[in-house]
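J.: For reference, the sequence and a predicted model appear below.
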Amino acid sequence: MIVFGARRKLILAIVFLFLLVIGVVNKLRQLPNSIVNQLEIEHRSHQPKRSYFLPETGSQTNPHQNPSTLFQNEYWLLGEEAILEKMQRPSRKLSDFESAGNNIMIAIRTTKKFHQKRLPYLYDTWLNKVNGSNVFLVTDAEDEEYQERSKQLGIHYVVSSLCGESLLWPIPSRWYLCCRTGEALTLMYKPQNIQYDWFCYLDDDIYLIMENLIKLIAKFPKDELSYIGRPGTPWEKPHKVSEKQTLINNSTRKHYHFASGGFYCLSRTILDKIKPWIVGGHNLGDTCRQLLEPDDLTIGCAVELLGGGKLSRTLLFHHHGMNLAKAVNANTLKDQIAIPYGCGQMCKYGGIVDNAIEVPNAAFSFDEDPSRKYKSILTIIFALSVAIVVLFLVRQNIDQRPIVKEPVQYIMHYHKNDMEELKRKASELKSCQSKLVERELELSHNIQRVKELEQNLREALTNRAEYILKQPLIFAITPTYKRWTQKADLTQLCQTLSHISNLRWIVVEDSEQKTPLVTNLLSHCPVNSTHLNFRTSQSLLNIVNTTDKKPQVKKPRGIEQRNTALKWLRRQYRHGEVKGVVYFADDDNTYDLRVFDEMRPTKMVSVWPVGLAGGLKFEGPICVGDSVKQWYAYWARDRKFQIDFAGFAVNIDIILNTKALILTTSKPGYIENDFLEQLIEFYDLEPKANSCQSVLVWHTRTEKPQMFYEEQLNKMGHPSNPGIEV
């Protein structure tokens with residue numbers, strides 16, 4: 001009977017603990033989402049738990065007063081910013097399209113590092129309540145989980161790797177963060193996004209109430225130079241441009257206002273005016289570099305000093321650098337637009353413990369429910385604890401079970417086999433416990449090993465990033481013109497250059513304006529590029545007076561296009577400001593990737609042979625050691641520099657320190673020679689490519705296709721589909 005009594009107690013203990021676990025899990029599943037409830041809770045007509053921040057007017061506010069009248073027109077900050085302009089514009093009438101927010105692009109910038117830490121709060125709360133097709137999550141890496149969740153909500157998951165995330169994120173420089181923001185701004189100029197009149201940027205730790213944002217934007221005509229945000233400095237103390245900046249030189253105005261970077265909105269009208277400075281990762285990165293400011297200050301400067309706009313202040317936008325308990329009255333939560341979560345610098349420097357808004361009658365305190373994720377972890381820990389207790393009780397029951405000292409008949413009556421089975425299980429449990437200790441030691445060793453590998457990887461990435469940033473920048477200049485093989489040639493060159501780090505591709509079209517074909521191609525090409533255009537002058541064209549022939553170029557193509565690129569470089573950079581080389585990379589050549597490594601350390605002008613050029617197997621310099629002795633060429637052997645554009649690269653300081661251009665007056669075959677004579681002497685040449693013994697670039701012009709049958713089908717009334725771009 002003693003044995004049965006102990007067994008019953010054990011069974012009752014296990015059943016009780018099992019029911020307790022089930023009850024706790026069900027209770028947690030029924031909890032409301034604290035973020036949504038506390039952000040969208042309606043005002044309740046009784047006294048809050050503690051007093052809230054009020055305007056500094058000396059008057060006391062009745063907490064029972066209707067919040068829709070109490071806070072209808074006034075929102076405030078502390079101290080110097082207590083008195084701000086009121087938004088008294090009338091709201092314009094919105095179309096159904098605008099009322100749904102379909103004219104507002106919401107761009108959320110994040111990084112793979114914060115996906116698991118921050119994105120769950122967005123996807124579990126306000127992102128479920130908006131039209132996902134207007135939301136663009138701009139990150140720096142693939143993530144199957146959030147790509148799938150984005151797909152379910154219709155959200156655009158955009159991976160932007162043009163700024164070098166894997167190399168630069170361990171050391172997130174100002175240029176890198178500006179580049180990331182600039183890439184987000186390019187989304188407004190994708191052909192499929194022309195319906196958006198507004199671009200609103202927010203960090204990945206912001207809760208957005210979309211309905212209120214739509215109401216605010218309704219006060220601004222879409223054709224205004226609109227820039228909306230919370231001032232980053234006191235209004236009477238605007239920010240002053242750095243004395244060391246190199247962008248704004250002649251302006252008499254040196255002060256400007258800017259919106260703090262957590263959340264701001266720009267109209268397409270103002271974006272169009274400041275597009276050259278901020279749209280595109282490298283454009284905004286370069287502008288930040290010239291202004292010596294981060295992205296939010298740079299955008300404010302571009303709007304007010306370069307675009308002629310003005311910051312429209314609102315106190316409905318907030319960021320995590322604020323003391324939310326003082327900056328936001330809980331009774332106005334339903335009227336707010338953007339509210340952050342997290343403590344940020346307030347905890348680190350401001351002595352704030354819980355940077356949160358006190359909500360009247362909240363379902364849970366901050367300690368009880370800092371996040372749903374925290375409760376989930378508690379559930380797992382509690383379940384594991386219960387399992388350990390049960391195993392402990394079982395073991396105790398086995399080890400301390402009283403030995404029945406009765407006659408053999410009594411033992412047989414209570415099943416001797418049962419006792420043996422229990423002893424066997426006790427032995428197995430001890431064996432499992434021993435193995436568990438071994439696994440814990442192995443796991444501890446593996447964790448330590450992973451930490452060491454992470455540290456090694458972090459150091460390697462940092463060293464790699466520093467190495468790449470110190471590499472000279474290659475400026476590859478490519479003139480191009482309309483022809484059947486233009487897209488094929490440019491695509492091939494794009495694929496080649498995409499493997500080269502620290503390179504800027506300058507593409508110059510021979511046309512009156514930039515063509516959609518080249519514009520679209522560059523927008524999809526992963527290479528950092530600049531798109532220019534210049535139509536060849538009439539004086540260089542040989543006009544044929546027959547109707548079946550097009551004008552033929554007297555001089556070789558690309559002279560004025562290459563000069564356009566050289567002039568652009570001199571406008572963008574000053575002597576000594578950038579380390580790099582200039583290379584004329586025609587779109588119909590074939591390149592070995594090693595040629596770019598060869599040219600990168602050029603001090604003056606580096607040279608190498610070009611394959612299949614000048615009617616020869618190769619054409620170019622004949623070198624002995626580190627000097628050029630003579631040339632291997634057939635035609636115009638009196639040239640001082642008998643070389644093709646593909647066979648040399650020039651240090652950019654040589655370009656910037658002179659006004660040398662490619663001469664339109666040069667005789668045929670002397671164009672490269674006349675250009676180099678303006679820059680250097682013969683003894684300045686630097687042999688590359690294994691002392692000119694290796695061919696790393698070839699003149700492989702694409703064969704001109706014959707379109708005889710295409711023309712025949714057109715005459716027969718069966719033209720090809722004009723929408724298919726070749």
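T.: Arrived safely.

J.: what are the ranges of the strands in the stretch 351-500 of the chain?
T.: Using DSSP state E, counting those that start in this stretch, the strands of the stretch 351-500 of the chain run over 473-480.

J.: how does this structure divide up, domain by domain?
T.: Per the TED database, the structural domains of the chain span 90-339, 469-538+555-698.

J.: Go through the ones you listed and name the closest to Asn463.
T.: Of all these, it is domain 90-339 that lies closest to Asn463, at 9.9 Å by C-beta to C-beta. Every residue, glycine included, has its C-beta placed from N, CA and C.

J.: Format the domains of the chain as JSON lines; extra columns: mean pLDDT.
T.: Formatted as JSON lines, those follow (pLDDT from 0 to 100):
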{"stretch": "domain 90-339", "mean pLDDT": "87"}
{"stretch": "domain 469-538+555-698", "mean pLDDT": "92"}
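
J.: Glu428 is nearest to which of these?
T.: Across these, Glu428 has its closest neighbour in domain 90-339 (37.8 Å, C-beta to C-beta).

J.: So what's the gap between that closest one and the chain middle?
T.: Counting by C-alpha atoms, centre = their mean, to the nearest Å, domain 90-339 is centred 12 Å from the centre of its parent chain.

J.: which secondary structure element contains the closest residue in space to Cys178 that isn't next to it in sequence?
T.: Setting aside the residues directly before and after it, Cys178 is nearest to Cys288 in space (C-beta to C-beta, 6 or more residues apart in numbering), at 3.7 Å. Under the criterion of DSSP states H and E, Cys288 resides in helix 281-291.

J.: Repeat that for Ile248.
T.: Using DSSP H and E, no helix or strand contains Ile248.

J.: tally of neighbours for it?
T.: Per other C-beta atoms under 10 Å, the neighbour tally for Ile248 reads 17.

J.: rewinding a little: to Gln712, which of the domains of the chain lies closest?
T.: It is, among the domains of the chain and with distance given as C-beta to C-beta, domain 469-538+555-698, at 16.3 Å.

J.: isn't Lys240 right up against Phe258?
T.: No. Taking contacts as C-beta atoms under 8 Å, Lys240 lies outside contact range of Phe258: 11.5 Å.

J.: Of these two, which one has the most company?
T.: Higher neighbour count among Lys240 and Phe258: Phe258, with 27 against 10, using other C-beta under 10 Å.

J.: which ones are touching the more buried one?
T.: Neighbouring residues of Phe258 by C-beta atoms under 8 Å, 6 or more residues apart in numbering: 229, 231-233, 239, 296-297, 299-301, 304, 311.

J.: Repeat the analysis, applying 6 Å as the threshold.
T.: By C-beta atoms under 6 Å, 6 or more residues apart in numbering, the contact set of Phe258 is 232, 296-297, 300.

J.: For it, which non-adjacent residue is closest in space?
T.: Nearest residue to Phe258, sequence neighbours excluded (C-beta to C-beta, 6+ apart): Gly300, at 2.4 Å.

J.: Next, give phi and psi for that neighbour.
T.: phi -60, psi -40 (degrees, to the nearest 10).

J.: What is the burial count for it?
T.: A count of nearby residues for Gly300, using other C-beta under 10 Å, gives 27.

J.: what does Ala636 give?
T.: Ala636 has 13 nearby residues by other C-beta under 10 Å.

J.: wait, doesn't it sit right on Lys667?
T.: No. The criterion here is C-beta atoms under 6 Å, and Ala636 misses it with Lys667 at 8.1 Å.

J.: quick revisit: what residues does the residue nearest to Cys178 make contact with?
T.: For Cys288, the contact set (C-beta under 6 Å, 6+ apart) comprises 174, 178, 298.

J.: can we see that at 7 Å?
T.: 174-175, 178, 294-295, 298 (C-beta atoms under 7 Å, 6 or more residues apart in numbering).

J.: quick one: which of those residues sit in helices?
T.: Counted as lying in helices by DSSP state H, out of those, are 174-175, 178, 295, 298.

J.: Throw those into JSON lines and include neighbour count, thanks.
T.: Putting those into JSON lines (neighbours: other C-beta atoms under 10 Å) gives the following:
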{"residue": "Arg174", "neighbour count": "16"}
{"residue": "Trp175", "neighbour count": "20"}
{"residue": "Cys178", "neighbour count": "28"}
{"residue": "Asp295", "neighbour count": "26"}
{"residue": "Thr298", "neighbour count": "26"}
